[in-house]
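In: no FASTA, just this:
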């Protein structure tokens, strides 16, 4: 969980339209790519075979699965967004938009930048947050991905 100080809902709502956090850098090693391939059973050579990737593609090295990059958002959000006071739990609610803009090469480092777009409370005690998320690749001017990510938080006794 985040080491950041918890934040009040009212304080977070005041940040709508603003950048609210940036995660630390995460290395996307070949071992991480291989483990993801094993878990998802997606062993396409561009992810797991460096020699073939270099010989048969425009990439100089293997690249991460796009969904591996997306899945790293779960770790990145804990670095960037403080826990909301009074929440019992939060769940991933999905994406309104998601685009893979640049490949993440094996050995690259990525981080996420979060901008709060909206906070919606349709039901009492249930908040939906929409974040614009950009995953940056260290040393690259183009991001790995851009997304509108939805998170649902449930109010109650915090665990």
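Out: The structure has been received and is ready for your questions. These numbers were taken from a predicted model, which means no experiment stands behind them. Residues are numbered from 1 along each chain as shown.
In: what helix or strand does the residue lying farthest from the centre of the chain sit in?
Out: In the chain, the greatest distance from the average C-alpha position (C-alpha atoms, centre = their mean) is reached by residue 55, at 30.7 Å. Assessed by DSSP states H and E, residue 55 sits inside helix 50-56.
In: by contact count, what packs against that helix?
Out: Helix 50-56 sits against helix 45-48, with contacts defined as 3 or more C-beta pairs under 8 Å, 6 or more residues apart in numbering; DSSP states H and E. Heads up, the C-betas are built off the backbone N, CA and C, glycines and all.
In: thought residue 95 was touching residue 147?
Out: Yes - between residue 95 and residue 147 there is a contact under C-beta atoms under 8 Å: 5.4 Å.
In: of these two, who's got more company?
Out: Using other C-beta atoms under 10 Å, the more surrounded residue of residue 95 and residue 147 is residue 147, with 20 against 15.
In: name the SS class of that one, please.
Out: Three-state assignment for residue 147 (DSSP: H, G, I helix; E, B strand; the rest coil): strand.
In: which SS class is the closest residue to it other than its chain neighbours?
Out: Leaving out its chain neighbours, the residue that sits closest to residue 147 by C-beta to C-beta, 6 or more residues apart in numbering is residue 98, at 4.4 Å. Secondary structure of residue 98, reduced to three states by three-state DSSP: strand.
In: now the spatially most central residue of the chain, what are its backbone angles?
Out: The centroid of the chain falls nearest to residue 73 when counting by C-alpha atoms, centre = their mean (1.9 Å). With angles defined as degrees, to the nearest 10, residue 73 sits at phi -60, psi -30.
In: that one contacts residue 149, doesn't it?
Out: Yes - judged on C-beta under 8 Å, residue 73 makes contact with residue 149 at a distance of 6.6 Å.
In: which other helices and strands contact the next helix or strand along the chain from the helix holding residue 55?
Out: Moving toward the C-terminus from helix 50-56, the next helix or strand (DSSP H and E) is helix 66-71. Helix 66-71 sits against helix 30-40, strand 87-100, strand 145-155, with contacts defined as 3+ C-beta pairs under 8 Å, 6+ apart.
In: perfect, I'm done here.
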